[in-house]
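**Student:** Here you go, sequence then predicted model.
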Amino acid sequence: MAQGKVDAVVVGADRVVANGDTANKIGTYSHAVAAKHHNIPFFIAAPTTTLDAYLAVGDQIEIEQRPAEEITHFKGQRVVVQGIKVWNPCFDVTPGTLIEGIITEKGVVPRDAGTGRHQVAKFIAAQQQQQVNGHAEAANSSNGCSKSNNSSSVLALDAAGVVSFLASRPDLAARVGPAGSESSWTVKEVGDGNINFVYIVMGPSGGVCLKQALPFVRCVGEDWPLSQDRCRIEAEALQLGHGLCSLHVPEVYLYDPSSSIIVMELLAPPNVILRHAIVKGAIYPLVGRHVGNFLAATLFHTSLLSLNTHQVRDMVIKFTNPDLCALTEQVIFTDPYYPAPLNRWTRPQLDKAAADLQADAAAKVAVSNLKQKFCQNAEVLIHGDLHTGSIMVTPETTNVIDPEFAYVGPLAFDPAKIIGELIIPYLASDGHEAAEGTGSRREQRQWLLGTIVEVWEVFSSRFLELWTARVMAANSSNGTAAAAANGDSTAATGGAGDLSPAVLLGPAAANGLAALEQVQQSFTAQLFADTLAFAGEC
C-alpha cells in the first residue's frame with residue numbers, strides 16, 4: 001500500500017448491519033484502517049444473505065469466542081501457563097465509515113447523499129418489493145395456474161422480515177405474542193450449516209422456529225444452485241415423521257412454498273444440538289433409546305413390510321430429491337477416494353493415511369458397491385443426513401430435525417449414519433483429553449460406546465416387534481376386513497406389507513410363523529452387515 005501498488009481492497013463479510021458496519025474474519029478492520037490511511041478504496045463483496053437491517057450498528061453484533069485451546073495448545077500440547085486467560089474472538093467489526101461500497105449479487109448498496117451512510121435497510125426493502133412485484137406478475141400471467149418456484153428471485157428474510165412474515169399470519173403470531181407486541185419480539189439467526197437460514201423468534205407468549213431455504217448454497221451464493229423443492233421435501237418429511245413418532249420429531253405449523261419457509265415448533269433451551277454438547281464433554285443417557293425408537297418407527301412404517309408397492313412407488317415420486325442425493329453421493333461416496341478440491345485433513349500428520357486411502361483398490365470396490373445401494377435401493381423413506389448436528393437433546397428428550405436430504409433409499413443408511421457419527425467423537429476423545437487432562441473423557445467414551453450399541457439394539461428389536469405385530473394383526477379377520485374396508489390393497493395378502501404377506505407368514509399359514517422367524521433372521525443379518533458397511537463410510 002505504501003508503495004502505491006494497491007488500487008483497491010475487496011473482502012467478504014459474515015454480516016452487514018443497517019449502517020454498513022461489517023463483521024468479518026479477524027484482520028478485516030486492520031486492512032480497512034490501512035486502506036483509509038493510504039487513500040485506497042475499501043469494498044465489501046458479499047451475497048444479500050449477509051445483510052441484516054434489523055441491527056442498527058455493529059456494536060449490536062454478537063461476537064462469539066473461539067475455543068481457548070487454539071491459543072493455549074499446539075498439536076494437543078499446552079504451550080502456555082495453566083490458568084492463563086484467553087480472548088479469542090471469531091470476528092472483528094469494521095465501521096461502515098471505512099467502507100467505500102458494499103457489493104452484492106443484486107447490485108451495490110446505496111449511500112445517503114447527505115451523511116454518506118450505507119442504506120442497507122432501503123436496499124433490502126427495494127429487493128423485497130421487486131420480489132413481490134415479480135410474484136404478482138407471475139400470478140397474473142399464469143391465469144391462476146400453479147408454477148414451480150425454483151427461481152433465484154427469492155430473497156432471504158432478515159430479522160425484520162421474519163417479524164413481518166409472522167405478524168401477517170395471526171395463527172403463527174399468537175404463538176409468539178399478542179397483536180401489537182411485535183416490537184418486543186427477539187429474532188436470532190442460529191443456522192450453523194452451509195445451506196439454510198434458521199431463525200429463533202421469541203416473544204411474550206412463547207416462540208417458533210422459522211427456516212428458509214434459498215435456491216443456492218448459503219455459504220457460496222448463486223454459483224452453487226439448489227432446487228427449492230428440498231424445502232417441500234423437508235416439510236413433508238417432518239410432517240410424516242411427527243405423525244409416526246411425535247415424541248422425537250417437532251411439529252410443523254406452516255410450509256409456505258412461495259417463500260420456501262417452514263415454521264415449526266420451537267425446541268427452546270435447555271434443548272441443545274447434540275454435536276455441540278458432545279464436543280463440550282456432555283453425556284445424555286437417553287439418546288440411544290430415543291434414536292433407536294425414532295429409527296424403528298419411521299423406517300418400518302415407510303417400508304414394504306408395512307405398505308404396499310403402490311404406496312411405496314408414490315412415496316418414491318413424492319420424495320425424489322436429486323440435488324441433495326447428488327451432494328451425498330459426492331462427499332461420502334466419491335470425494336474421499338481421490339484428491340477432491342474440498343477434501344480436508346490434518347496436515348502433514350494424516351497425509352500418508354489420505355494417500356493410502358486414495359490408492360486402496362479394495363476400498364474403492366467397497367465404496368462403489370455401497371454407492372450403488374445408495375443410488376438404487378428404494379426401500380424406505382430415510383432422513384438422509386442423520387448426524388449429531390441433526391439431533392437436539394435435553395436430559396429427558398431427543399428430537400430429530402433437518403430432514404431436507406430425505407428420499408426413499410436403503411434401510412441401513414440412517415442407522416449407519418448416526419452410528420458412524422458417534423464413532424467419530426469416540427475416536428476424537430484422545431485429542432480432547434490431551435487438552436483437558438488424562439481421564440477427562442473416560443465416562444463420555446463409555447457412554448458413546450454404549451449409545452452406539454443401544455441405537456442398534458433398540459432399533460433392530462423394535463423394528464422386528466412392529467413387523468411381527470403387523471403380520472399378526474393383518475392375519476386376523478378383523479385386521480383384514482378393516483384393511484379392505486379402508487381401501488388398503490394389502491388386504492389381498494392378509495393386510496400386511498407386500499414384502500411380508502400374512503397369507504404366507506401369518507399364524508394361519510402352514511408353517512407361517514416358522515417361516516416368518518427365518519425371514520426375519522435373514523433380514524436382520526443382512527441389515528446388520530449393511531449398517532456396518534455404511535457406517536464405515538458415513
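**Tutor:** Structure received. As the structure is a computational prediction, the values presented were derived from the model and not from experiment. Residues are numbered from 1 along each chain as shown.

**Student:** Return the mean pLDDT over stretch 50-65, rounded to an integer.
**Tutor:** When pLDDT is averaged over stretch 50-65, the result is 86.

**Student:** Now tell me what touches that stretch from outside.
**Tutor:** 13-19, 21-23, 87-96, 104, 109, 120-121, 123-124, 158-160, 187, 189 (C-beta atoms under 8 Å, 6 or more residues apart in numbering). Bear in mind the C-beta positions are built from the backbone N, C-alpha and C, glycine included.

**Student:** among these, which are in strands?
**Tutor:** 15, 16, 17, 22, 23, 91, 92, 93, 94, 104, 187, 189 (DSSP state E).

**Student:** how near is the spatially most central residue of the chain to residue 384?
**Tutor:** The centroid of the chain falls nearest to residue 402 when counting by C-alpha atoms, centre = their mean (4.3 Å). Distance of residue 402 to residue 384, given as C-beta to C-beta, to the nearest Å: 10 Å.

**Student:** shared neighbours, these two?
**Tutor:** Common neighbours of residue 402 and residue 384 (C-beta under 8 Å, 6+ apart) do not exist.

**Student:** Strands of the stretch 201-350 of the chain, residue ranges please.
**Tutor:** 206-212, 216-217, 221-225, 252-256, 261-265, 272-273 (DSSP state E, counting those that start in this stretch).

**Student:** Mind checking which of the contacts of stretch 50-65 are buried?
**Tutor:** Among those, those scoring as buried are 13, 15-19, 21-23, 91-96, 104, 109, 120-121, 123-124, 158-160, 187, 189 (criterion: 16 or more other C-beta atoms under 10 Å).

**Student:** where in the protein is pLDDT low?
**Tutor:** 128-155, 192-194, 216-225, 475-495 (pLDDT under 70).

**Student:** tell me what the longest helix seen in it is packed against?
**Tutor:** Counting residues, the longest helix found in the chain (DSSP state H) is helix 442-475. In terms of contacts (3 or more C-beta pairs under 8 Å, 6 or more residues apart in numbering; DSSP states H and E), helix 442-475 is packed against helix 287-300, helix 413-436, helix 477-485, helix 502-505, helix 512-537.

**Student:** 6 Å instead?
**Tutor:** helix 287-300, helix 413-436, helix 502-505 (3 or more C-beta pairs under 6 Å, 6 or more residues apart in numbering; DSSP states H and E).

**Student:** Give me whichever of these is most buried.
**Tutor:** Here the criterion is mean neighbour count by mean count of other C-beta atoms under 10 Å, and of those the winner is helix 287-300, at a mean of 24.

**Student:** tell me how far that helix is from the chain's mean position?
**Tutor:** On the basis of C-alpha atoms, centre = their mean, to the nearest Å, helix 287-300 sits 18 Å off its chain's mean C-alpha point.

**Student:** contacting residues around it?
**Tutor:** Outside helix 287-300, the residues that touch it by C-beta atoms under 6 Å, 6 or more residues apart in numbering are 241, 244-245, 248, 306, 380, 398, 400, 411, 414-415, 451, 454-455, 458-459, 462-463, 466.

**Student:** Could you do stretch 251-269 as well?
**Tutor:** Residues contacting stretch 251-269 (C-beta under 6 Å, 6+ apart): 149, 154, 172, 207-213, 228, 231, 235, 238-239, 242, 250, 392, 399.

**Student:** Now do the buried residues in that stretch.
**Tutor:** By 16+ other C-beta under 10 Å, the buried positions in stretch 251-269 come out as 252-255, 259-267.

**Student:** repeat for stretch 376-396
**Tutor:** 378-394.

**Student:** Among those, which are located in strands?
**Tutor:** Under the assignment DSSP E, the buried residues of stretch 376-396 contribute 380, 381, 382, 391, 392, 393 to strands.

**Student:** picking up where we left off before, the residue nearest to the centre of the chain: what secondary structure?
**Tutor:** coil (DSSP: H, G, I helix; E, B strand; the rest coil).

**Student:** Dihedrals phi and psi, it?
**Tutor:** Backbone torsions for residue 402, taken as degrees, to the nearest 10, come to phi 60, psi 50.

**Student:** Which residues are in contact with it?
**Tutor:** residue 390.

**Student:** any idea how far it is from residue 533?
**Tutor:** 24 Å.

**Student:** again with residue 252
**Tutor:** As judged by C-beta to C-beta, residue 252 and residue 533 stand 33 Å apart.

**Student:** Just to check, residue 516 is in contact with residue 505?
**Tutor:** Yes - contact criterion C-beta atoms under 6 Å: residue 516 and residue 505 qualify, at 4.1 Å.

**Student:** and residue 49, how many neighbours?
**Tutor:** 20 (other C-beta atoms under 10 Å).

**Student:** just residue 3 next, same as before
**Tutor:** 6.

**Student:** tell me the contacts of it?
**Tutor:** Applying C-beta under 6 Å, 6+ apart, no residues contact residue 3.

**Student:** SS state for it?
**Tutor:** Following three-state DSSP, we place residue 3 in the coil state.

**Student:** which ones are touching residue 119?
**Tutor:** 110, 112.
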